[in-house]
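Student: With the sequence up front, the predicted model follows.
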Amino acid sequence: MGGQKGASHKRVELVLKLPQLQNLIKRDAAGYKEEFRQQHRNYMSELEIFKLKPGRDAERFAELVTFLSHVAPCYKEDCKMLPQELMALLEEHGAIIDPALRIKLVQALVLMRNRGLLNSTDLLQLFFKLFRIQDKSLRQLLFDHTVSDIRAINLKARNEKMNRTLQAFMYTMLQDESETAAKKSLDVMVELYKRRVWTDARTVNVIAAALDSSVTKLVTTALNFFLSIDAKMEEEEDADEAEGKRAPEVEMHQHAKKTSAIARKIKKQVKERKKKLNAVDEEKAGLFPAINLLNDPQGTAEKVFKRLRGSSERFEVKLLMMNFISRIISAHQLLMLPFYSFLQRYIQSHQREVTHILAYLVQACHPLVPPDDILPIIKAIAHNMVTERCSGDVMAVGINSIKEIIRRVPATLSEDGMDAFAQDIAAYAKSRDKSVVIAARGFTNLVREVHPRLLRARDRGKHHDISAQPAQYGEQKVLEGVDGAELLTLADAGILQGADEGEKEEEDGMEMDLRKIQVIQTMRADATRILTQEDFDKIKKLKAKAAEQRLDPRFRRKRKSTAQDVLSDDEEEMDTNPSLAVNAADLEGYKKRRRATLEERLESVLKGREKFEQNTHGGGLTNTEKQRKKNFLMVRKGRNLREKQKEQVRGGVAKRGPKGAKGQQQKKVQLKHDKRKKRRT
């Protein structure tokens, strides 16, 4: 009897200790089913009591929920309603539940979701609604689980049905009354795009819908996404590759004994590395810039521009809008002529962030913009920033901006009055300010390449093509076949020489009958045979030779009677849109190095000391380091040490005066030294 009482007493104690009972149930679920049912009945009674007053602190109820969430996989039939009960509790009373208990309920749902006891779509929709609660730790927990759960679902294969459902729900959350819930929903989509989980056009356009919001935080988040997400993803990829996260290096065991086991291990590592590298390459190849995935770029740009014109936001937000509009204009070659006149009002030397505004103006320029709309802006920049009343740095920024605009819209040089304008800008090459000189020379080099007739004869340089001029607005070069095949035809006929390396061409070797050229051009090499790699290499050399001769002053006078004039239309066009994003620092050009402050000099000294102590420089020890590490007995009679001792003695003589015969000798040496020093001065 005593033994049975002791066993029953231990059984009761075990029931009261939920963590211990949880551990035993996981080992033997069938043996402790009755104890589980007892705790489940306790949970049901505590749940009904809690519903009467959900705002109270219910520590016992939290312990029972945690216990049941851990053992639910062992008793699926008994716990099948547990997730729905907890979700209903959070949805109805989530805002007034005690914060600690609320965290426990969410953690229990996350645990059951990870074990497959709960549908992901229903749980994530609840979590998006819980973003409305003013609890920072709760929102962070919901955010982390949402991102990790969606990422895990799409890890092996994309679940398009679930993705569409969640994206549609997130779109509705962007219009939610709670700014916090809308902002966190937008952050989830941005994070999923950043982690390459949702990189499709549907996600990008849902994020773009935030641009219509009346909440400034949502608008700035969406603008920053389109402007910087691609650069952030590249930086993370570079960091991962540098840390070896993407594809770890293969341990070749070069200094170990060659065995079959090591060979198998190396072969396995090489295979895994190759697989990871191929997966990364496929992932990069299928990703387009986010700004290129917009369904209606023209409408999006016009909406943001309309908001910008009547905006009362901070100036930083206005700059973001300008940057976004200019980037989308450049990426999709849009026409928004009022945008240029809008930026023109900000082009003043005293304007705040004028360099960034000029960078946005340059971004918005492309060959499809009419040159007569660009010309007033160029003149405004010259009038406000390229004058003697402005500082050298301001003038350099203005000249560089004009140069970059003309590079993107070269047809502007064909407008009336551009010859005098170009000559005035080129004259600043004789300025006293070095930054202005460098900027003016860069402008002169561009005009010399595109339209050298606008410059004075002395500014055109020795090597230039006097017949070069920019294409007219709307003019498009159309190739009839392989670019440069005419040169190959003429070379095969023996008319053009100098295609092979080391072959020298004479001055009168290019003269020929123009009608003969036209006849030969009708029999193009790419139309009569299949070109080989050797033919393409030869075409490349012929084009380089032709471009060199067009700039050679010896052939300039014979241009009308040479084959080169007939083939001048095959000249490669200048890259009018070299990059979508323009860095404002690039417009500043050369800047004189300023004197370092005291803090900067001290920082440099400390860095040098740290570098010396850690011995981080390349190679072995320097001679100075070797000298410092030598034994004193090895250097005590060295020349450097003797000279150092003499200097110390001379200094001591000057301060204390000589003593004895040795002191007298040192005094004589010091006097001779002083006499020589006086003669030099």
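Tutor: Thanks, I have it. Since this is a predicted model, take the numbers as computed values, not measurements. Numbering: from 1, shown residues only.
Student: Now do residue 274 against residue 266, distance only.
Tutor: 13 Å (C-beta to C-beta, to the nearest Å). C-beta: built from backbone N, CA, C; applies to glycine.
Student: and residue 45, how many residues sit next to it?
Tutor: 11 (other C-beta atoms under 10 Å).
Student: brain fart, residue 33
Tutor: Residue 33: 14 neighbours (other C-beta under 10 Å).
Student: Which secondary structure elements does the longest helix along the chain sit against?
Tutor: Longest helix of the chain, by residue count under DSSP state H: helix 216-243. Under the contact criterion of 3 or more C-beta pairs under 8 Å, 6 or more residues apart in numbering; DSSP states H and E, helix 216-243 touches helix 179-194, helix 201-208, helix 315-332.
Student: could I get these as CSV with mean pLDDT?
Tutor: Converted to CSV, those look like this (pLDDT from 0 to 100):
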stretch, mean pLDDT
helix 179-194, 92
helix 201-208, 93
helix 315-332, 94
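Student: could you redo the ones you listed as TSV and give each row distance to residue 390 and mean neighbour count?
Tutor: TSV is the format used below for the helices and strands packed on helix 216-243 (distance: least, C-beta to C-beta, whole Å; neighbours: other C-beta atoms under 10 Å):
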stretch	distance to residue 390	mean neighbour count
helix 179-194	41	21
helix 201-208	40	20
helix 315-332	22	20
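Student: Turn those helices into JSON lines, columns for distance to residue 303.
Tutor: Compiled in JSON lines, those are given as follows (distance: least, C-beta to C-beta, whole Å):
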{"stretch": "helix 179-194", "distance to residue 303": "17"}
{"stretch": "helix 201-208", "distance to residue 303": "10"}
{"stretch": "helix 315-332", "distance to residue 303": "10"}
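Student: Please, where are all the helices along the stretch 1-150 of the chain?
Tutor: Here the stretch 1-150 of the chain has its helices, by DSSP state H, counting those that start in this stretch, at 2-16, 18-27, 33-52, 59-71, 82-93, 99-114, 120-130, 136-153.
Student: Does residue 448 belong to a helix, a strand or coil?
Tutor: Secondary structure assignment for residue 448 (DSSP: H, G, I helix; E, B strand; the rest coil): helix.
Student: any idea which of the helices of the stretch 1-150 of the chain scores lowest on pLDDT?
Tutor: Least confident of the helices of the stretch 1-150 of the chain, judged by mean pLDDT, is helix 2-16 with a mean of 48.
Student: following the lowest-mean-pLDDT helix or strand in the chain, which helix or strand comes up?
Tutor: Using mean pLDDT, DSSP states H and E, the weakest-scoring helix or strand in the chain turns out to be helix 563-566, at a mean of 41. Later in the chain than helix 563-566, the nearest helix or strand by DSSP states H and E is helix 584-588.
Student: next helix or strand past that next one?
Tutor: helix 598-614.
Student: Residue 274 and residue 266: which has the busier surroundings?
Tutor: Using other C-beta under 10 Å as the criterion, residue 274 and residue 266 rank with residue 266 on top: 15 against 12.
Student: Report the separation between the residue most central in space within the chain and residue 585.
Tutor: By C-alpha atoms, centre = their mean, the chain has its centre lying nearest to residue 231, at 1.8 Å. Applying C-beta to C-beta, the value for residue 231 to residue 585 is 15 Å.
Student: can you give me the strands in the stretch 351-500 of the chain?
Tutor: Assigned by DSSP state E, counting those that start in this stretch, the stretch 351-500 of the chain shows no strands.
Student: Show me the shaky parts of it.
Tutor: Residues of the stretch 351-500 of the chain that meet the criterion pLDDT under 70 lie in 494-500.
Student: All the helices of it, residue numbers only.
Tutor: Going by DSSP H, counting those that start in this stretch, the stretch 351-500 of the chain shows helices at 354-363, 371-385, 392-408, 418-426, 434-450, 485-492.
Student: Can you lay out the ones you listed as JSON lines showing distance to residue 186?
Tutor: Shown next, in JSON lines, are these (distance: least, C-beta to C-beta, whole Å):
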{"stretch": "helix 354-363", "distance to residue 186": "24"}
{"stretch": "helix 371-385", "distance to residue 186": "35"}
{"stretch": "helix 392-408", "distance to residue 186": "33"}
{"stretch": "helix 418-426", "distance to residue 186": "46"}
{"stretch": "helix 434-450", "distance to residue 186": "42"}
{"stretch": "helix 485-492", "distance to residue 186": "53"}
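Student: Contact partners for residue 262?
Tutor: Residues in contact with residue 262 (C-beta atoms under 8 Å, 6 or more residues apart in numbering) are 253, 256.
Student: element containing it, please.
Tutor: Using DSSP H and E, residue 262 falls in helix 260-285.
Student: quick one: average pLDDT of that helix?
Tutor: Computed over helix 260-285, the average pLDDT equals 74.
Student: What is the burial count for the closest residue to residue 83 other than its chain neighbours?
Tutor: Setting aside the residues directly before and after it, residue 83 is nearest to residue 118 in space (C-beta to C-beta, 6 or more residues apart in numbering), at 4.5 Å. Other residues within reach of residue 118, judged by other C-beta under 10 Å, total 20.
Student: What of residue 31?
Tutor: Residue 31: 10 neighbours (other C-beta under 10 Å).
Student: ok, it to residue 68 distance?
Tutor: 18 Å.
Student: Okay, the nearest residue to residue 60 once chain neighbours are set aside and residue 316: tell me how far apart.
Tutor: Excluding the flanking residues, the one nearest residue 60 by C-beta to C-beta, 6+ apart is residue 46, at 6.1 Å. Residue 46 sits 52 Å away from residue 316, going by C-beta to C-beta.
Student: if we compare the helices of the stretch 1-150 of the chain, which one ends up closest to residue 324?
Tutor: helix 136-153 (25.1 Å; C-beta to C-beta).
Student: Give me the angle between that closest one and helix 99-114.
Tutor: Counting by axes from the mean of the first three to the mean of the last three C-alpha atoms, to 10 degrees, helix 136-153 lies at 0 degrees to helix 99-114.
Student: Just tell me which of the helices of the stretch 351-500 of the chain ends up closest to residue 621.
Tutor: helix 434-450 (40.3 Å).
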